[in-house]
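**Q** any chance you could fold what I've pasted below:
(6 chains)
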6 protein chains.
Amino acid sequence: MTHGKDKAMTTVPITALDLPEADLSEDTRAYFAKCDEKLGMVPNVLRAYAFDETKLRAFTAMYNDLMLAPSGLSKLEREMIAVAVSSVNHCYYCLTAHGAAVRQLSGDPALGEMMVMNYRVADLTAKQKAMLDFAVKLTEAPATIEETDRAALREAGFTDRDIWDIASVAAFFNMSNRVAAAVDMRPNPEYHALSR
Amino acid sequence: MTHGKDKAMTTVPITALDLPEADLSEDTRAYFAKCDEKLGMVPNVLRAYAFDETKLRAFTAMYNDLMLAPSGLSKLEREMIAVAVSSVNHCYYCLTAHGAAVRQLSGDPALGEMMVMNYRVADLTAKQKAMLDFAVKLTEAPATIEETDRAALREAGFTDRDIWDIASVAAFFNMSNRVAAAVDMRPNPEYHALSR
Amino acid sequence: MTHGKDKAMTTVPITALDLPEADLSEDTRAYFAKCDEKLGMVPNVLRAYAFDETKLRAFTAMYNDLMLAPSGLSKLEREMIAVAVSSVNHCYYCLTAHGAAVRQLSGDPALGEMMVMNYRVADLTAKQKAMLDFAVKLTEAPATIEETDRAALREAGFTDRDIWDIASVAAFFNMSNRVAAAVDMRPNPEYHALSR
Amino acid sequence: MTHGKDKAMTTVPITALDLPEADLSEDTRAYFAKCDEKLGMVPNVLRAYAFDETKLRAFTAMYNDLMLAPSGLSKLEREMIAVAVSSVNHCYYCLTAHGAAVRQLSGDPALGEMMVMNYRVADLTAKQKAMLDFAVKLTEAPATIEETDRAALREAGFTDRDIWDIASVAAFFNMSNRVAAAVDMRPNPEYHALSR
Amino acid sequence: MTHGKDKAMTTVPITALDLPEADLSEDTRAYFAKCDEKLGMVPNVLRAYAFDETKLRAFTAMYNDLMLAPSGLSKLEREMIAVAVSSVNHCYYCLTAHGAAVRQLSGDPALGEMMVMNYRVADLTAKQKAMLDFAVKLTEAPATIEETDRAALREAGFTDRDIWDIASVAAFFNMSNRVAAAVDMRPNPEYHALSR
Amino acid sequence: MTHGKDKAMTTVPITALDLPEADLSEDTRAYFAKCDEKLGMVPNVLRAYAFDETKLRAFTAMYNDLMLAPSGLSKLEREMIAVAVSSVNHCYYCLTAHGAAVRQLSGDPALGEMMVMNYRVADLTAKQKAMLDFAVKLTEAPATIEETDRAALREAGFTDRDIWDIASVAAFFNMSNRVAAAVDMRPNPEYHALSR
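**A** Numbers count the residues shown, from 1 in each chain, chains lettered A, B, ... in the order given. Got it, this is the predicted structure:
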């Protein structure tokens, strides 16, 4: 992390909250440097959580497991769930960051836009459509999920372990969307032009 | 953890999913034993996550930080947020487990029921009412949160760091409620009679 | 009705309204005494209506017919409808009083909690599930009830007379929930610990 | 009640349910005859309930008390609440019958239509507007009623006794709308042309 | 257009907006005169738009094409869509004017009322029911329309050209309802008594 | 319009409907050629309407007046309304085409994304915020618009003529969103990369 970026961090607010100045540990500085190297930026969500390293580590541990660990769902499919859920919740941060991820992983800019705007217009496999229908129903009306909804996923070809992952990713973004909304979290401007 | 309980674990399903058998590490067995000793049970949500210890650790790390670490919010207040959010989402697991926690921490069974049924009937301080109003709005309509909502919390006496905690707890249960709904997670029966 | 209870009645407000003092007739005093003897309390809803005996009699006549008269629905089933409807409307009074009734009539405390929290998680017969699905749809979206909804009840095994009773009980609690919400009616504290 | 009308009663279905044939008592026949004489018809809701005279009496006792007994609200105001509530619930029976009552009692056909279509366009006193705002909020979102809502009614000039009546009438039509929707109750055709 | 009516136009406000005085062209005066002759009035929506003749012409061109040009849908069916859509949106202007049109074109006053109050109670052909179900879904939840919805219309007997017309009429009244609501547009009083 | 494009028009479906082949008049061909020259494309919505030139002309007349004619609202502000409304309705076509217009007219790609995702996060003037709040309320709950809503616009600095324009643009996109949703209208792919 360069001095220039540290400066930007103090001058451009990432959230609407006035939180304690981050005093980053060596580990976190190294992690952020790796993000910067790999992604060309440190995602603002990480900077937002950095005021408390316990919270940052808990967030990244859960995020990395859900989005990057081996799963019956591809990384693109998990990003599609992230964006379809965030579209229901109209979350500016997550739509911007994960919309870019869908564009990048799919190489299909229009697909990213469809996930942001209305996943129902995308030309998906029946299996992927069932996955997003479940994720969106779980987002909009969690109390109404019944065995028939799980049965529909199994019929579409998902294992019970896949259902856990679909549910967990959809649920995680229902959390993340709300943290971002509550604190007015701002995405890194670099996302906007990515993979257009 | 007794043999009897291990047996119960295989015979009474905790979720509607058929997930891989948990092969618990020494650490997790010790953690569960500590839960059993302290709470008289291993909360089913932990057993549900135990099929994958990375997921279990990520969940417990985030949960323990949010609900137990030092905060401007008391543990009871965090449980009140948990239940008020879960009431909106009609989550059987979380209402049962965290409703019990509100009864226990407050010593006021009626308060637990009010959080489960409709937090608006409880006789709260103006500060606690503002806290729950924010948590419930964030749950029902996250996209509509604006600076005025944060200002209302500051006016009620919360610091920006408190706002982060209110938001994070409310957001976490929006996640948890959805995982529980998606997999039909069942609370330990012991909760029902606790602190009535 | 003991002197002590009369005193409680004036000191603990049952509603948020300042209504004329009840000047109970001999008949009503006898009725309240019978309640006290049978239930160990005079349900607060009766005290709330007692400021006008015509209203009290109209309420009890309708209530007793719907909930206690012979019907194709068992008393427990009628209480289950009452609670499932009150859960949609988040009515503190009715969830408390009728949740206790479900626990008592079923001998199953968890069933009472499920009705309060989310009837969809209960392990019901297909017939009872159809009954509650209809009652909840009638509560949430009465304008959308169509012949197919009645047909589903008939297919589940209900007669047309049963449909009338399901509809009437669900409709009645849509009334009661709203009177209770409008006046902030408070349940007798005794309900909380009943049949746990 | 003429023979011709008895015949009509069997040939034109009043509800979608096949209920036991009404075997009317002398009292009920007299009551129906009085309706016919005063209104030029027996309202179909009475015929619908007539299959069970206990239910009919409970219904008419409550209805007559709420809509006709002395109250701080005029009969027209109570009918306005009835129609504004039924408009939210899109109840064909109640909008038809009580829309006619508003036209008749006010001598203002446009006022009846406004209550049916959208009470917010009517040129009401501030007091009447507050009354209907409360009734409609109680209909749409009963769980969100708080002390501020009652305070608004008091500020508009209503007594606590009036608030009870506003609440009770609004609540009653939330019941009636749902019985009518559930059984597809049909209004007497005579209502359509009344007081146009 | 008589002098008397011109006067009415300035004294009875048609909208809540204070818009520039209409300075009608010869063409528009002729068009209004023709309306007056044919309908016995100049519909207020035309007077409302008349402050800007470009807007008036654009509105009437679209309206006349949609509602009067040849189509697989009868004029009555198009008016039924107009009213069913306006019922969802509780639009006083459109329900009044087009409710009258349904009564007039069908010769069935009750049908007009059913469209205003709840189209689901009308005794329609399966084809007409499918048409209104689509129009109402498109009104309430446009984002959820999928190929299955169009397939249902085709199955009911509609061509793709008919689907365009159903969609266009339903969409047009979603526009009109909102212009009327935004400016508080008032229907001509003559509509109320028409074809009762 | 080149031969290549004509071919594309038949091979890439613009809507899900099988409508009559467009037999374009000389005027329309000239209009489309002008679009192509000015915008680098013929917007698909025009091609979609081209199966019936009366409909096409009515649509373009209204569209051009609303979006391009002199108004107290800038062209950018009208596009912002278009996108904020389309975001509520999750309309893929309009969000894509008009999101591009906001990016282009403002020279601010992030502003376009904010309008698509959640207009509340944009750093707007109080006047523009009031404008979009009104447009979105009119979209979500037209029946609840009251004089206070118009008063808020006047207080923010809008004239009554401006209110007409805000209402008309918001209402128009409530129409357009629904036509696009009903027929699954597809935007020109060129929009995606515009002004990023």
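**Q** once you drop chain neighbours, what's closest to A:A152?
**A** Counting by CB to CB, 6 or more residues apart in numbering or on different chains, A:A130 is the residue found nearest to A:A152 once chain neighbours are left out, at 5.8 Å. C-beta: built from backbone N, CA, C; applies to glycine.
**Q** I'd assumed A:R150 was in contact with the one you found.
**A** No. In this structure, A:A130 is not within contact of A:R150 by CB atoms under 8 Å, at 10.9 Å.
**Q** state the pLDDT value of the residue nearest to A:A69 when sequence neighbours are not counted.
**A** In space, A:A69 comes closest to B:T54 once its chain neighbours are excluded; the distance is 6.9 Å by CB to CB, 6+ apart. Looking at B:T54, its pLDDT reads 97.
**Q** do the same with A:M1
**A** Reported pLDDT for A:M1: 33.
**Q** before we move on, what about A:L138?
**A** Here, the pLDDT recorded for A:L138 equals 98.
**Q** for it, what are its contacts?
**A** Contact analysis of A:L138 by CB atoms under 8 Å, 6 or more residues apart in numbering or on different chains lists A:145, A:167, A:170-171, A:174, B:178, B:181-182.
**Q** list just the nearest of those to chain F.
**A** Set against chain F, the nearest of these by CB to the nearest CB is A:N174 (15.6 Å).
**Q** who's in contact with that closest one?
**A** If you count contacts by CB under 8 Å, 6+ apart, A:N174 has them with A:85, A:89, A:138-139, B:171, B:174-175, B:178.
**Q** equivalent analysis for A:V169, please.
**A** A:66-67, A:73, A:78, A:81-82, A:135.
**Q** tell me the two of these that are most distant?
**A** A:M67 and A:A135 (13.9 Å; CB to CB).
**Q** looking at the two, which has the bigger crowd around it?
**A** For A:M67 versus A:A135, neighbours defined as other CB atoms under 10 Å in any protein chain shown are more numerous around A:A135 (26 against 19).
**Q** any idea which helix or strand comes after the helix or strand hosting that one?
**A** Following DSSP states H and E, one finds A:A135 within helix A:126-140. Proceeding N to C from helix A:126-140, the next assigned helix or strand is helix A:147-155, under DSSP H and E.
**Q** what's that next one packed up against?
**A** Using 3 or more CB pairs under 8 Å, 6 or more residues apart in numbering or on different chains; DSSP states H and E, the elements in contact with helix A:147-155 are helix A:126-140, helix A:160-183.
**Q** for it, C-alpha coordinates in CSV please.
**A** The C-alpha trace of helix A:147-155 is given here as CSV (Å, rounded to 0.1, in the frame of the first residue of the first chain):
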residue,chain,number,x,y,z
GLU,A,147,-39.8,-28.2,1.1
THR,A,148,-41.2,-27.7,-2.4
ASP,A,149,-38.6,-24.9,-2.9
ARG,A,150,-35.7,-27.2,-1.9
ALA,A,151,-37.3,-30.0,-4.1
ALA,A,152,-37.2,-27.6,-7.1
LEU,A,153,-33.5,-27.2,-6.6
ARG,A,154,-32.9,-30.9,-6.4
GLU,A,155,-35.0,-31.5,-9.5
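**Q** avg pLDDT for it?
**A** Average pLDDT, helix A:147-155: 98.
**Q** contacts for that helix?
**A** Taking CB under 8 Å, 6+ apart as the rule, helix A:147-155 contacts A:130-131, A:133-134, A:137, A:160, A:162-163, A:166, B:16-17, B:182, B:184.
**Q** how about A:D36, nearest residue that isn't a chain neighbour?
**A** Using CB to CB, 6+ apart, the nearest residue to A:D36 is A:V42, at 5.5 Å.
**Q** for that neighbour, the count of nearby residues, please.
**A** For A:V42, the neighbour count with other CB under 10 Å is 19.
**Q** which single residue of chain A ends up nearest chain D?
**A** Residue of chain A nearest chain D, by CB to the nearest CB: A:A143 (14.3 Å).
**Q** I'd say that residue and B:S86 touch.
**A** No. With contact defined as CB under 8 Å, A:A143 does not count as touching B:S86 (10.1 Å).
**Q** those two: which is more packed in?
**A** The neighbour comparison of A:A143 against B:S86 (other CB under 10 Å) goes to B:S86, with 29 against 20.
**Q** look up how far D:L132 lies from that one.
**A** B:S86 is 34 Å from D:L132, where distance means CB to CB, to the nearest Å.
**Q** also A:A135?
**A** Distance from A:A135 to D:L132, counting by CB to CB: 40 Å.
**Q** same thing with A:L95?
**A** Applying CB to CB, the value for A:L95 to D:L132 is 39 Å.
**Q** the two: which is more packed in?
**A** Legend: neighbour count by other CB under 10 Å for A:L95 and D:L132, higher for A:L95 (29 against 22).
**Q** past the helix or strand harbouring the more buried one, which element shows up next along the chain?
**A** Applying DSSP H and E as the criterion places A:L95 in helix A:92-106. Going down the chain from helix A:92-106, the next helix or strand is helix A:109-117, by DSSP H and E.
**Q** which secondary structure elements does that following helix contact?
**A** Against helix A:109-117 (3+ CB pairs under 8 Å, 6+ apart) you get helix A:75-88, helix A:92-106, helix F:92-106, helix F:109-117.
**Q** now it - C-alpha only, PDB.
**A** This file holds the C-alpha atoms of helix A:109-117, laid out as PDB (Å, rounded to 0.1, in the frame of the first residue of the first chain):
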ATOM      1  CA  PRO A 109     -20.800  -7.400 -20.000                       C
ATOM      2  CA  ALA A 110     -24.500  -7.700 -20.900                       C
ATOM      3  CA  LEU A 111     -24.800 -10.700 -18.400                       C
ATOM      4  CA  GLY A 112     -23.400  -8.400 -15.600                       C
ATOM      5  CA  GLU A 113     -26.000  -5.800 -16.500                       C
ATOM      6  CA  MET A 114     -28.800  -8.300 -16.500                       C
ATOM      7  CA  MET A 115     -27.900  -9.500 -13.100                       C
ATOM      8  CA  VAL A 116     -27.900  -5.900 -11.800                       C
ATOM      9  CA  MET A 117     -31.200  -4.900 -13.500                       C
END
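**Q** what angle do that helix and helix A:126-140 make?
**A** 30 degrees (axes from the mean of the first three to the mean of the last three CA atoms, to 10 degrees).
**Q** hang on, the earlier thing: residues near the residue nearest to A:A152, how many?
**A** For A:A130, using other CB under 10 Å, the count is 20.
**Q** state the distance from it to A:Y93.
**A** 27 Å.
**Q** what do you get for A:Y49?
**A** Taking CB to CB as the measure, A:Y49 falls 12 Å from A:Y93.
**Q** swap in A:L111?
**A** A:L111 is 20 Å from A:Y93, by CB to CB.
**Q** out of the two, which sits in the busier spot?
**A** Comparing A:L111 with A:Y93 by other CB under 10 Å, the one with more neighbours is A:Y93, at 29 against 21.
**Q** contacting residues for that one?
**A** Taking CB under 8 Å, 6+ apart as the test, what A:Y93 contacts is A:44-45, A:176, A:180, A:185-187.
**Q** swap the cut-off to 6 Å and go again
**A** A:180, A:185, A:187 (CB atoms under 6 Å, 6 or more residues apart in numbering or on different chains).
**Q** count of residues packed around the last one?
**A** So that's A:P187. When neighbours are defined as other CB under 10 Å, A:P187 has 27 of them.
**Q** for A:E140, grab the count of nearby residues.
**A** 11.
**Q** no, scratch that, I was asking about A:V102
**A** A:V102 has 25 neighbouring residues, counting by other CB under 10 Å.
**Q** what residue ranges in chain A score low on pLDDT?
**A** Applying pLDDT under 70 to chain A flags the ranges A:1-12.
**Q** so which bits of it are right by chain E?
**A** A:118, A:120 (CB under 6 Å from any CB of the partner chain).
**Q** around chain B, pick out the residues from chain A.
**A** Residues of chain A lying near chain B (CB under 6 Å from any CB): A:17-19, A:54, A:58, A:61-62, A:65, A:89-90, A:138, A:142-143, A:145, A:160, A:163-164, A:167, A:171-172, A:174-175, A:177-179, A:181-182.
**Q** alright, calling it a day.
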